[in-house]
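In: need a structure here:
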Amino acid sequence: MNFYKNSRILLISIIVISTFSTCVKDGDFETPKVDCTEPQIAATTTIQQVKEMYTFGGAKIIETDLIIEGYVVSSDKSGNIYKSISIQDKPENPTTAIKISINQTNIYTRYNVGRKIYVKLKGLAVGYSFGSVQIGVATGDGLEGILSSELDKYILRSCEVEEIIPKKVAISALNKAMLEMLIEIENVQFKSGDLGKSYGNANNTATVNRVLESVDNSCNFLDEVILRNSGFAKFKNNMLPEGKGSVVAVFSNYYDDFQLYLRDTDDVKLTEPRCDYSDTFQPNISLAAIREMYKGTMVEFGINNNYVVEGYVVSSDEQGSFEKKLVIQDAVENATGGIQILMKSTLIFEQYKPGDKVFVKLNKLYMAKKDGVLTVGFPKGTAITEIEETQIVDFIYNSGVNFTIIPKEILISEVVNPAFENTLVKVKNVQLTQNELGSAFTYFSGTNNGFRTLETCNMSTKLSVFTNGKATFSNELFPQGKGNITGVLSNFLELRTVSDIQFSEAYEACQVFIPKIMITEVADPKNNVSARFVELYNAGNGEVNLTGWKLNKYLNGATTVSGSPLVLTGILIPPGGFVIIAGSDYKLLFDDIPDIETTYISGNGDDVYELVNNTGTRTDIFGVIGQDGNGTNWEYLDGRAVRNLAVSAPNPIFTISEWTIYSAASNANITHPNSPQNAPDGFNPRVR
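Out: Numbering: from 1, shown residues only. Model (predicted):
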């Protein structure tokens, strides 16, 4: 009996095995085909026509007997795609696709990749979900998935299963018309910042974004796209491959952000050697040339110029300074310029230490002035903002070579020199101004930013030292005494650490310094109007920086300044020194190079010149504002006005007794009427 019973069991088993051997492989799942009967149904409309039925607002319920057909391209077998299928209109070279929301998991066992399906739309709805048009069941203004118990009512399986050929497309060519298609992107690799990470987060079930970047055959960066990985994906703990190659995925979006969904890691074929950034970051332009591109408006570096600039890191946020910015200069020693780069990152020093040689790829970056300082980063309107943290490595490559930066030693009077902007300098022989002795770097408590003012006795220039309120030393006492201070120079000096201050000498009580800059000659040569000049003289005992000072001109009795005032920024005038501001022919007639060559000097004998300091206060003047000089005692037509030697200080009120006038005018009020002066013999510039 046992033999007979066992024989029956064996026979039944053979029959079952024989029956299932007639099934075809459906992706990774064996689907019986014995009873497959092609449904007697035909599409009455297209996927694209259904998508066009949606108008902004609530979900649109379909009330007519519409039927679409399509081929399944998604799979939830790995757990990365959840409660939905994506179908496209053709297995190869599709023209449109759509997502169908289904309230069920393990959908792949029923609707496998390549399976042709028909969707009966009556009773379903087409709506908008997270930026894309989808099919589902209407619920209020939104959509929810089709219940598993009703799937057979709406979705019919065809016996046809086709091989899906992914649509090959470049990242830059992706658009909303391709949403939910199966696509293939070639020449991609994971961003270097993602290397060493897994697809997902091993510690929780949160969804994680990784970034794929595309490159050309020369390893130039082209574009990037998000690869979105579910925290429930079976492959989330797998490490990202480090090579370069192709990726097949379902193309989706989250509003305006495009993103890819993997069906399985088998679709990731990064088998070629990845692009080494050291090959793509080859310098081809200098920092000086980059700075010269700025002409007052934002510079767009574009994507085709492929500018790469070399620099050396001089900033550090290790102590809390230089928040969200990196400063590089063009040389290890005697730098001639630098640039600051904004980046949305903390602990920048861990990647870019002072002295590191770095390369900056400027593709897709912009440059403008931020708070008066030339700055590189992302655009925000007409301003510059930070590079996103995940994208920093796309733009800045660390060579791995470190140098010792030698700061440029300068005097306080040189801090206004634009050549030193964004460079590391050592300012010599400075100290706190007397009113700030006993102060902290910022304040003794709190996290507000702060400025302290340094001076050098007998020099008018002051230096502002900035400290971030989050710096580890912000609430410490600012060192007293006198000496040298090292920092990155912009509109102010920013310190990296307290050790950048070396005050080893005793504090010196400075005498109050009052600049004595005078107008000492106004010239209108009869033989050449382009040789007109105005002479300034420093009658004081200390060097004066004229940054912020202006020379104003008033024409023909005007009470308002003519045109834009002449800015004297960057001019240094030592005690007993002169500044000549002149027309274009001055250098030819006087064999002397003017300090400023300009057409602004156009006074023809009856015009006023006014000297204004950096606080906007008038310090000296020649002529009477609101009065035409023609016929007055200060008319210098075809001649000159010379300050008398006995005058040793500027005077904000015009006093004719301080001047000697030579003029071609027949005017008895003039010191020397009928005395035209020809250049150069009748003039003595730079002589007092």
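In: Please make it C-alpha for all contacts and neighbour counts, starting now.
Out: Noted.
In: quick one, helices of the stretch 501-650 of the chain?
Out: 586-590 (DSSP state H, counting those that start in this stretch).
In: Other residues contacting the helix or strand where V327 lies?
Out: Using DSSP states H and E, V327 maps to strand 325-329. Strand 325-329 is contacted from outside by 287, 311-316, 335-344, 348, 422-424, using CA atoms under 8 Å, 6 or more residues apart in numbering.
In: Repeat the analysis, applying 7 Å as the threshold.
Out: Outside strand 325-329, the residues within contact range by CA atoms under 7 Å, 6 or more residues apart in numbering are 311-315, 335, 337-343, 422-423.
In: Mind picking the two most distant members of these?
Out: Spanning the widest gap among the contacts of strand 325-329 are A335 and M343, at 23.0 Å by CA to CA.
In: Contacts only, for T46.
Out: T46 makes contact with I68 under the criterion CA under 7 Å, 6+ apart.
In: What distance do you get for it to M181?
Out: Going from T46 to M181 by CA to CA, to the nearest Å gives 15 Å.
In: before we move on, what about V373?
Out: Using CA to CA, V373 is found at 47 Å from M181.
In: These two - which one has more neighbours?
Out: Neighbour count, other CA atoms under 10 Å: between V373 and M181, M181 has more, with 29 against 16.
In: wait, doesn't that one sit right on Q88?
Out: Yes. The criterion here is CA atoms under 7 Å, and M181 meets it with Q88 at 6.0 Å.
In: any residues in contact with both of those two?
Out: Residues touching both M181 and Q88 (CA under 7 Å, 6+ apart): A97.
In: hey, what's the nearest residue to A138 once chain neighbours are set aside bridged with?
Out: Excluding its sequence neighbours, the residue lying closest to A138 (CA to CA, 6 or more residues apart in numbering) is A125, at 5.5 Å. For A125, the beta-bridge partners under DSSP bridges are I61, G136.
In: now do V188
Out: For V188, the beta-bridge partners under DSSP bridges are S214, G245.
In: surely it meets V248?
Out: No. Using CA under 7 Å, V188 is not in contact with V248; the gap is 10.9 Å.
In: quick one, which of those two is more surrounded?
Out: V188 (29 against 24).
In: can you map out the strands along the stretch 501-650 of the chain?
Out: 501-505, 517-523, 533-538, 544-545, 550-554, 566-567, 572-573, 578-582, 596-597, 608-612, 618-622, 640-643 (DSSP state E, counting those that start in this stretch).
In: now what about the fifth one, what contacts it?
Out: By CA under 7 Å, 6+ apart, the residues outside strand 550-554 that reach it are 560-562, 565-568, 607-613, 625.
In: Which of those are buried, as a PyMOL select command?
Out: Only the buried members of the contacts of strand 550-554 enter the following PyMOL selection, criterion being 16 or more other CA atoms under 10 Å:
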select buried, resi 561+565+566+567+568+607+608+609+610+611+612+613+625
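In: Greatest separation within the contacts of strand 550-554: which pair is it?
Out: Distance extremes for the contacts of strand 550-554: the farthest pair is L568 and I625 at 21.0 Å, using CA to CA.
In: sorry, back to before: sitting in strands, which of the contacts of strand 325-329 do you find?
Out: Among those, the residues falling in strands (DSSP state E) are G311, Y312, V313, G338, I339, Q340, I341, L342, T423.
In: Arrange those in JSON lines, one row each, with pLDDT and distance to L326 as further columns.
Out: Shown next, in JSON lines, are the ones in strands among the contacts of strand 325-329 (pLDDT from 0 to 100; distance: CA to CA, whole Å):
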{"residue": "G311", "pLDDT": "96", "distance to L326": "11"}
{"residue": "Y312", "pLDDT": "97", "distance to L326": "10"}
{"residue": "V313", "pLDDT": "98", "distance to L326": "7"}
{"residue": "G338", "pLDDT": "96", "distance to L326": "11"}
{"residue": "I339", "pLDDT": "97", "distance to L326": "8"}
{"residue": "Q340", "pLDDT": "97", "distance to L326": "6"}
{"residue": "I341", "pLDDT": "98", "distance to L326": "5"}
{"residue": "L342", "pLDDT": "97", "distance to L326": "6"}
{"residue": "T423", "pLDDT": "97", "distance to L326": "12"}
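In: Generate CSV for these, with neighbour count and distance to S129 as supplementary columns.
Out: Below are the ones in strands among the contacts of strand 325-329 laid out as CSV (neighbours: other CA atoms under 10 Å; distance: CA to CA, whole Å):
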residue, neighbour count, distance to S129
G311, 24, 47
Y312, 28, 48
V313, 28, 46
G338, 29, 48
I339, 24, 44
Q340, 25, 42
I341, 22, 38
L342, 22, 35
T423, 30, 51
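In: List the residues that contact the closest residue to D89 other than its chain neighbours.
Out: Excluding its sequence neighbours, the residue lying closest to D89 (CA to CA, 6+ apart) is G70, at 4.7 Å. By CA under 7 Å, 6+ apart, the contact set of G70 is I87, Q88, D89, K90, K116, I117, Y118.
In: just to revisit the earlier point, strand 338-342 and the strand holding V327, what's the angle between them?
Out: Put simply, strand 325-329 runs at 160 degrees to strand 338-342, going by axes from the mean of the first three to the mean of the last three CA atoms, to 10 degrees.
In: CA atoms only for strand 325-329, dumped as CSV, please.
Out: Output in CSV follows, covering the C-alpha atoms of strand 325-329 (Å, rounded to 0.1, in the frame of the first residue of the first chain):
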residue,chain,number,x,y,z
LYS,A,325,33.6,81.3,2.9
LEU,A,326,37.0,80.3,1.5
VAL,A,327,39.6,82.9,0.5
ILE,A,328,42.4,82.1,-1.9
GLN,A,329,45.2,84.2,-3.3
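In: quick one: buried residues of that strand?
Out: Neighbour-count burial for strand 325-329, counted by 16+ other CA under 10 Å, picks out K325, L326, V327, I328, Q329.
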